[in-house]
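> quick one, what's the 3D model for this:
(4 chains)
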Protein chains: 2
Amino acid sequence: MSPSHASISYQQDSIGVLIGLVRGELVRAMEAELQASGVDLRFTQFLILKRLALIGPMSASELARAVELDGGAMTRQLDQLEGRGLLRRQPHEQDRRALRIELTELGDATWRQMTPCNDRVLEAAQRALDATEREQLRDYLERVLKALRDKP
Amino acid sequence: MSPSHASISYQQDSIGVLIGLVRGELVRAMEAELQASGVDLRFTQFLILKRLALIGPMSASELARAVELDGGAMTRQLDQLEGRGLLRRQPHEQDRRALRIELTELGDATWRQMTPCNDRVLEAAQRALDATEREQLRDYLERVLKALRDKP
DNA sequence: GTCATATATTTGCCTTGACAAATATTTTTC
DNA sequence: GAAAAATATTTGTCAAGGCAAATATATGAC
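Numbering: from 1, shown residues only, chains lettered A, B, ... in the order given. From the prediction side, this is the model:
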């Protein structure tokens, strides 16, 4: 008996695979840009700084949820980033369990230094899409994300 | 002096972040479905079996490139999957350096068992998109992938 | 108010994947 | 055709992230 693939010679990647591939390329491109700009940060660390820079101070767990990172992993990232002087752990004013993570001046400066990297990569990624298509892509992705999160 | 985020209260996620979030949800949903169907496989292992089932036997490095996995990591995944009787390492006919990785009957049966999981997750993810939008999403993602790979 | 439950952070443990080195074989160059 | 470069696989090493347990605090039920 022949296995079930025998008759299939070509198969498009599913949306799932495709999204994985795109993400992989984005991470690679972003880390390459950072390195080329002299910023010594991994992709996850870039995401953390970006979030803090754009949204402002927040607790470690809010930050962890925002970048889809495990709480324990976040603690260790904060250790590293704080050790390098890019952010600060402050006590949270309303909740004594929690922290208020905020960028230092150095962290903010680093963020300003890497903003162009971020922009270049996003522009490169979307260069084959016109403005309308970019909006649609974002819209579709947001709807997919919502569909996955609001599980039936 | 106030840091540069002070005036920004809300900022949309970039396409980059959005794609990362979607991928995370897809992986989570897929692993949950697999577990619920009694298939004890991680997402990466699912991808490997899927690829072999749909495309047919190929070398370990082809497989590694297809699922964006490091060669060393692939060796160890093959060790596990072969140990569980889901695939076989055969000698490659044209290239004595390489292997011909092929599914066993058990591997193929496992693939047939998890096909519905895959379909359910992809359907759930895209349930808020109509047929045209699904095609567009795929098209956009393929163009983004191509743009990232054909670096200027 | 008190107790049970939920949440925030930290730490230990373990798995996974990236990177580099080693070996075997193929392909390219001259 | 021999040397050089490229490719396939394996293994060692390391960093990163997930999960579970521990601790501290907050929130909700009664």
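> what's the burial count for residue A:71?
11 (other C-beta atoms under 10 Å in any protein chain shown). In short, each C-beta sits where N, CA and C put it, glycine included.
> next one: residue A:70
Residue A:70, neighbours per other C-beta under 10 Å, totals 9.
> ok, now which ones touch it?
Contact analysis of residue A:70 by C-beta atoms under 8 Å, 6 or more residues apart in numbering or on different chains lists residue A:64.
> looking at chain A, what residue ends up closest to DNA strand C?
DNA strand C sits closest to residue A:72 of chain A, with a gap of 2.6 Å, by C-beta to the nearest atom of the strand.
> list the buried ones in stretch A:92-102?
Applying a neighbour-count criterion of 16 or more other C-beta atoms under 10 Å in any protein chain shown, the buried positions in stretch A:92-102 are A:92, A:99, A:100, A:101, A:102.
> helices of chain A, residue ranges please.
Applying DSSP state H to chain A gives helices spanning A:15-36, A:43-55, A:60-66, A:71-83, A:105-125, A:131-149.
> which strands and helices sit next to the last one?
Using 3 or more C-beta pairs under 8 Å, 6 or more residues apart in numbering or on different chains; DSSP states H and E as the contact test, the elements touching helix A:131-149 are helix B:15-36, helix B:105-125, helix B:131-149.
> rewinding a little: can I get the helices of chain A in a markdown table with distance to residue B:128 and mean pLDDT?
Formatted as a markdown table, these follow (distance: least, C-beta to C-beta, whole Å; pLDDT from 0 to 100):
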| stretch | distance to residue B:128 | mean pLDDT |
| --- | --- | --- |
| helix A:15-36 | 13 | 93 |
| helix A:43-55 | 26 | 96 |
| helix A:60-66 | 22 | 96 |
| helix A:71-83 | 30 | 97 |
| helix A:105-125 | 23 | 95 |
| helix A:131-149 | 4 | 95 |
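> list the contacts of residue A:127.
residue B:147.
> got it, and residue A:98?
Contacts of residue A:98 by C-beta under 8 Å, 6+ apart are A:59, A:60, A:61, A:92.
> leaving out chain neighbours, which residue sits closest to the last one?
Which is residue A:92. Spatially, and ignoring its direct neighbours in sequence, residue A:92 is nearest to residue A:98 (3.9 Å; C-beta to C-beta, 6 or more residues apart in numbering or on different chains).
> equivalent analysis for the third one, please.
With C-beta to C-beta, 6+ apart as the criterion, residue A:61 has its nearest non-adjacent residue at 6.2 Å, and that residue is residue A:71.
> out of the buried residues of stretch A:92-102, who's near DNA strand D?
For DNA strand D, no contacts are drawn from the buried residues of stretch A:92-102 by C-beta under 7 Å from any atom of the strand.
> rebuild these as TSV, extending it with pLDDT and distance to residue B:55.
What follows is the buried residues of stretch A:92-102, written out as TSV (pLDDT from 0 to 100; distance: C-beta to C-beta, whole Å):
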residue	pLDDT	distance to residue B:55
A:92	96	52
A:99	97	48
A:100	98	51
A:101	98	45
A:102	97	49
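> what's the closest of these to residue A:17?
The shortest gap between residue A:17 and any of these belongs to residue A:101, at 34.8 Å (C-beta to C-beta).
> measure that closest one to residue A:89 for me?
Distance, residue A:101 to residue A:89, using C-beta to C-beta, to the nearest Å: 6 Å.
> overlap in contacts, these two.
A:60, A:78.
> which non-adjacent residue is nearest the most centrally placed residue in chain A?
The centroid of chain A falls nearest to residue A:47 when counting by C-alpha atoms, centre = their mean (4.5 Å). Spatial nearest neighbour of residue A:47, chain neighbours left out: residue A:67 (4.5 Å); criterion: C-beta to C-beta, 6+ apart.
> contacts only, for the one you found.
A:44, A:47, A:48, A:51, B:17.
> quick one: which of the residues you listed is most hemmed in?
residue A:48 (27 neighbours).
> for it, give its distance to DNA strand D.
9 Å (C-beta to the nearest atom of the strand, to the nearest Å).
> now do residue A:49
Residue A:49 is 13 Å from DNA strand D, by C-beta to the nearest atom of the strand.
> what's around that residue, how many residues?
Number of residues near residue A:49 (other C-beta under 10 Å) recorded here: 21.
> do residue A:68 as well
Residue A:68, neighbours per other C-beta under 10 Å, totals 15.
> over to residue A:89?
14.
> for it, what are its contacts?
Residue A:89 neighbours (C-beta under 8 Å, 6+ apart): A:60, A:78, A:82, A:99, A:100, A:101.
> repeat the analysis, applying 7 Å as the threshold.
A:78, A:82, A:99, A:101 (C-beta atoms under 7 Å, 6 or more residues apart in numbering or on different chains).
> what is the nearest of the residues you listed to residue A:38?
Distances from residue A:38 to the contacts of residue A:89, taken by C-beta to C-beta, are shortest for residue A:82, at 21.0 Å.
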